[in-house]
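S.K.: Below are the sequence and a predicted model; questions follow.
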Amino acid sequence: MEASKPNYLLPIISKMYCSSSQVVLVVRQRPQAVGGGGFVVTDCSQKVVFQVDGCGILGKKGELILRDGDNILLIRQLKGGLVQALNIYKKWKGYYDYEGLEKSVFSIKEPNKNACFPTNNPVRISIEPKVNGQVKDWNFEIKGHFPDKNCSIVDSLGNIIAQVGVKEEIERVMTRKDLYHVVVQPGIDQAFVFGIIAVLDYIYHESTWC
């Protein structure tokens, strides 16, 4: 049975990034010559909606910034030394600048391929603070394969909240997936979605990684 579509407003960063209708946004990665430069997100009229800066611009590995003109999110890979090396997951955290203070809004668990007991579990995302009555210890996960630009962000009930894809006519002329689109469902926080995509981009050594 197909999961029902979500019918809610999900302002994880802010309700100003939620739309009452489905939104299709386009991601254009910066050229490889700009090592770790990041990517730009535009709408159907080619207006820049978000920009993600990677380590080539920030000068720090494992750190990303999502902007809409102003900084929205600071995303960091947590450094855990030996504990992280042994853990089956690596962890990222997204922080929202709230009245000059860094407020943790989500965390991402990336399966650690270098751990003693590596896992094939998907990348999973948790909202912070946790929701009362939450059954699972995660709220969203990635289904599909991001490097192929064929994946979805799915909630814990199996509903797709955002989908990454490449139009067929573009795919035929491109060997790399430097230009792709993201379909965000109504009521879903677009800044949150692109914070997740920024981490996926880094994990798979794409435009934000250096």
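M.R.: That came in fine, so what should we check first?
S.K.: Show me how far the host helix or strand of Gly144 is from its chain's centre.
M.R.: In the assignment (DSSP states H and E), Gly144 maps to strand 140-145. Per CA atoms, centre = their mean, to the nearest Å, the displacement of strand 140-145 from the mean C-alpha position of its chain is 11 Å.
S.K.: Dump the C-alpha coordinates for that strand into PDB.
M.R.: Taking C-alpha atoms only, strand 140-145 is exported to PDB below (Å, rounded to 0.1, in the frame of the first residue of the first chain):
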ATOM      1  CA  PHE A 140      13.500  11.200   8.200                       C
ATOM      2  CA  GLU A 141      15.800   9.000   6.100                       C
ATOM      3  CA  ILE A 142      17.300   9.000   2.600                       C
ATOM      4  CA  LYS A 143      15.900   6.400   0.100                       C
ATOM      5  CA  GLY A 144      17.700   5.900  -3.200                       C
ATOM      6  CA  HIS A 145      21.200   7.000  -4.300                       C
END
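S.K.: what's downstream of that strand, the next helix or strand?
M.R.: Following strand 140-145 in sequence, per DSSP H and E, is strand 150-155.
S.K.: What residues does Leu10 make contact with?
M.R.: Cys18, Ile161, Gly187, Ile188, Asp189, Phe192 (CB atoms under 8 Å, 6 or more residues apart in numbering). In short, each C-beta sits where N, CA and C put it, glycine included.
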